[in-house]
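Asks: With the sequence up front, the predicted model follows.
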Amino acid sequence: MASLWLAALLLAPVSALLLGARGIHLSDRNPPIKNLRMDPGSRRLTWDLHGNVSGIQCFEDSSFSRRAQNNLFCQFYVLSKCKPSNYTVQVTLVDGEPYSTWIEYPKQEGDPGAAADHLDCEVHDKDFLTCRWAVGREAPSDVQYYFYLEDTITSQRWECPRYTPNAQGQHTQCRFDNVSAFSNEEQHRFLVVGASNRSAIPCTESVRYLSEIEKFMAPNLSATCNKSLALMEWNMWSHFHKNLDYELEIQQGADPPFLQKVGAPPRGPDPPSVHAPSCLDSRPRGPPTLPEMSRGEGRRAASCAVCLEPPTEGHPPHTPPPFPQLGQAGRLRKSLGPSARTSKVQDDQSFTLTNPGTFLVRIRAQFLSERVGRWSAPQRFVCDQEAGARLQVWQMASLMALGTLLTVGTAVFLCRRYSVLKTLFPPIPHLKDPLGGNFENEKMFLCEAGRPTQEECPVAEVQVLRES
């Protein structure tokens, strides 16, 4: 009995510490927070407050924290619809004692293994949005998936206009043909909902900005050049990016290729490009200027609540480093002559190459040196006009000489062929038919009986007795 009493004394402090860590205190007899709940319409975590407290702070999955507003609620802006999250409220009482309580939102329904798997979306070729997913490992055979694009602020929803099914007829891909209809000011929810007659199917979601999942297409490059300078210009198309950097790979003659970066001048914040989950900021609008980068962007489905944190006050904007030999298209196009000179100006869609000669070039777009687009097809430009003129004259002279040789050779061949044929097959003289013969182009002589002709050959009279 004494040993049991001693064990109780030894374990009592440990139990008290464990209960304190879980937020259960003497104040639980009259907890300061009651009826903790999430309002999905306003996206507010609210409660009923009892007594005086010195501060209240909210946590999402023990990671993202924010202070309560007027000690009455915590504001969230993007709530998960598919994966349950833990929302904890931590209270500091007036006497300094801590108290915490939590809820889970949303409630999980159905088998998570039946939900769509590996959701991946990308904006490509300027206008198209394509999302792909796999059938859940534990999904029933009659499962069917439906895709929705949803504005996280207005909750406006667009159903997929064009599905691509697998061999079993289950939707595994969706495509939108005009992404310009969607705004990039707010995040969008990429939502896949499952349906089955056998069991409930949980949904799968990813919350991203459209700009951060864009795959840049190759810019369209052209060049104007002479012996001294080559002005390369290009056009780039994107609905969500205004300021992009470009990378050119140039190879002059037999020299090894080199890379040249052309940076866009700062013109204010661009739409965000990659996600940085955070819920520290209380402002509902305004995408971040320079969010944290993630090299795995576009390849992971964020099945959790995501709330981007706009930049803090005084955050320095991203300014790309200056690059040499930035050409000004208008001036150089007007003065592109033997004495043309390069004007180094901030032009983000042109580049001037000095002493270009003959060169190969290709180009691609990139954002913050992290997300790069596709390379364009290599293009070859010959810029030495004098060398080109000499080459053209030489080519013309060669062609004329070759044509002359071919003509003379053909004539000789035909003459020799006619002479050989005449020697091998001489013409055989034959009598002319005075009645049925064709005397056109023939030389005729008048022959009279009893009178010698010029050839003095005897002529015999022929009497036609009967026509055959």
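Replies: Here it is on my side, so go on.
Asks: contacts and neighbour counts: CA atoms only from here.
Replies: Fine.
Asks: low pLDDT regions in the stretch 251-400 of the chain?
Replies: Residue ranges of the stretch 251-400 of the chain with pLDDT under 70: 264-347, 385-394.
Asks: and if we set it to 90?
Replies: Where the stretch 251-400 of the chain drops to pLDDT under 90, the residues are 263-349, 367-371, 384-400.
Asks: which helices and strands sit right next to the helix or strand Tyr146 falls within?
Replies: Taking DSSP states H and E as the criterion, Tyr146 maps to strand 144-151. Applying 3 or more CA pairs under 8 Å, 6 or more residues apart in numbering; DSSP states H and E, one finds that strand 144-151 contacts strand 157-159, strand 171-176, strand 188-195.
Asks: Please name whichever of the ones you listed is nearest to Cys58.
Replies: strand 188-195 (23.5 Å; CA to CA).
Asks: List the neighbours of the closest one that are in contact with it.
Replies: 115-116, 121, 143-152, 200-210 (CA atoms under 8 Å, 6 or more residues apart in numbering).
Asks: ok, that strand: who's next to it in the sheet?
Replies: In the sheet, strand 188-195 lines up against strand 144-151 (antiparallel), strand 204-208 (antiparallel) (DSSP bridges).
Asks: Would you mind putting the ones you listed into TSV with mean neighbour count and distance to His239 alongside?
Replies: Rendered in TSV, the data for the strands paired with strand 188-195 read as follows (neighbours: other CA atoms under 10 Å; distance: least, CA to CA, whole Å):
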stretch	mean neighbour count	distance to His239
strand 144-151	21	17
strand 204-208	26	16
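Asks: right, and these - which one's nearest Glu214?
Replies: strand 204-208 (10.9 Å).
Asks: pLDDT of the closest one, averaged?
Replies: Strand 204-208 carries an average pLDDT of 95.
Asks: domains for the protein, by residue range?
Replies: Domain assignment for the chain by automatic domain parsing gives 13-75+90-105, 112-208, 217-270+322-398.
Asks: With distance to Gly409 added, can I get those in TSV?
Replies: Formatted as TSV, the domains of the chain follow (distance: least, CA to CA, whole Å):
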stretch	distance to Gly409
domain 13-75+90-105	90
domain 112-208	57
domain 217-270+322-398	16
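Asks: how deep is the residue lying closest to Met236 once chain neighbours are set aside tucked in, by neighbour count?
Replies: Using CA to CA, 6 or more residues apart in numbering and skipping the chain neighbours, the partner closest in space to Met236 is Pro219 (4.9 Å). With neighbours defined by other CA atoms under 10 Å, the count for Pro219 comes to 22.
Asks: residues in contact with Asn71?
Replies: Asn71 is in contact with Leu49, Gly55, Ile56, counting by CA under 8 Å, 6+ apart.
Asks: 10 Å - rerun?
Replies: Each residue near Asn71 by CA atoms under 10 Å, 6 or more residues apart in numbering is listed here: Thr46, Trp47, Asp48, Leu49, Asn52, Val53, Ser54, Gly55, Ile56, Gln57, Val91.
Asks: Assumed it was part of a helix.
Replies: No. The assignment for Asn71, made by DSSP: H, G, I helix; E, B strand; the rest coil, is coil rather than a helix.
Asks: name the helices or strands packed onto whatever helix or strand Thr352 lives in?
Replies: Following DSSP H and E, one finds Thr352 within strand 350-354. Judged by 3 or more CA pairs under 10 Å, 6 or more residues apart in numbering; DSSP states H and E, strand 350-354 is in contact with strand 220-225, strand 229-235, strand 245-252, strand 258-262, helix 329-334.
Asks: could you redo these as TSV and give each row mean neighbour count?
Replies: Below are those laid out as TSV (neighbours: other CA atoms under 10 Å):
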stretch	mean neighbour count
strand 220-225	18
strand 229-235	20
strand 245-252	19
strand 258-262	17
helix 329-334	14
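Asks: Pipe those into JSON lines and attach distance to Pro356 per row.
Replies: Compiled in JSON lines, these are given as follows (distance: least, CA to CA, whole Å):
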{"stretch": "strand 220-225", "distance to Pro356": "8"}
{"stretch": "strand 229-235", "distance to Pro356": "6"}
{"stretch": "strand 245-252", "distance to Pro356": "7"}
{"stretch": "strand 258-262", "distance to Pro356": "13"}
{"stretch": "helix 329-334", "distance to Pro356": "15"}
